[in-house]
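Novice: for reference, the sequence and a predicted model appear below.
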Amino acid sequence: MTTHQNPSQQEIKQLLNNANTVAVVGLSEDETRTSHMVAKAMQAKGYRIIPVNPKAESILGEKCYATLQEVPEAVDIVNVFRRSEYCLDVAKDAVSVRAGAIWLQQGVINEEAASYAKEHDLTVVMDLCIKVLDAILLPHGKVASE
């Protein structure tokens with residue numbers, strides 16, 4: 001049973017509009033994978049994409065990091081393309097690096113991870129595609145302030 005409730009569309013719009021840096025956990029080098037296509041689209045919209053993949057050197061022209069803890073800059077959103085059972089560990093990592101939000105992609109559902117992240121003051125979006133919501137909520141790109 002799902003108990004998590006995603007933020008409102010207005011709250012998600014504000015999150016996306018204010019975010020600059022998106023660490024993508026599970027970003028694939030394979031251009032045919034959803035994670036790659038979504039991250040590439042978000043990069044094209046002006047987000048700084050930081051790949052988190054221990055098996056790659058660089059993806060989308062950006063240096064890869066094996067873990068979130070290795071990322072040398074602040075992360076606004078941790079976008080997760082991992083199987084649901086790994087999400088609690090990712091949520092703990094997101095909390096440890098003081099990320100602003102954790103976004104579990106469409107089909108990725110973990111109530112325990114969502115609860116843990118919320119308890120530690122992270123915004124949690126679950127089972128939604130960041131690329132789709134960005135296109136719907138910010139069709140003309142990010143704005144200076146709202």
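Specialist: Yes, it's here. Predicted, not measured: the structure shown is a model, and the values here were computed from it.

Novice: count residues in the vicinity of residue 131, would you?
Specialist: A total of 19 residues lie near residue 131 under the criterion other Cβ atoms under 10 Å. Where C-beta positions appear, they are placed from N, C-alpha and C, glycine not excepted.

Novice: gap between residue 38 and residue 64?
Specialist: The gap separating residue 38 from residue 64 is 16 Å, by Cβ to Cβ, to the nearest Å.

Novice: okay, strands next: where are they in the chain?
Specialist: 21-25, 48-52, 58-59, 62-63, 77-80, 101-104, 123-126 (DSSP state E).

Novice: and the third one, how far out from the chain middle?
Specialist: Relative to the centre of its chain, strand 58-59 is centred 17 Å away, using Cα atoms, centre = their mean, to the nearest Å.

Novice: cool, the fifth one as well?
Specialist: Here the centre of mass of C-alpha atoms in strand 77-80, compared against the chain's by Cα atoms, centre = their mean, lies 2 Å away.

Novice: who touches that strand?
Specialist: 15, 19, 21-26, 38-39, 42, 68, 87, 90, 93-94, 97, 99-105, 108, 130 (Cβ atoms under 8 Å, 6 or more residues apart in numbering).

Novice: quick one, phi psi at the residue nearest to residue 98 when sequence neighbours are not counted?
Specialist: Computed as Cβ to Cβ, 6 or more residues apart in numbering, the closest residue to residue 98 that is not its neighbour in sequence is residue 74, at 7.4 Å. Note on residue 74: its backbone torsions stand at phi -70, psi 140 [degrees, to the nearest 10].

Novice: contacting residues for residue 35?
Specialist: Residue 35 neighbours (Cβ under 8 Å, 6+ apart): 24, 26-28, 81, 105.
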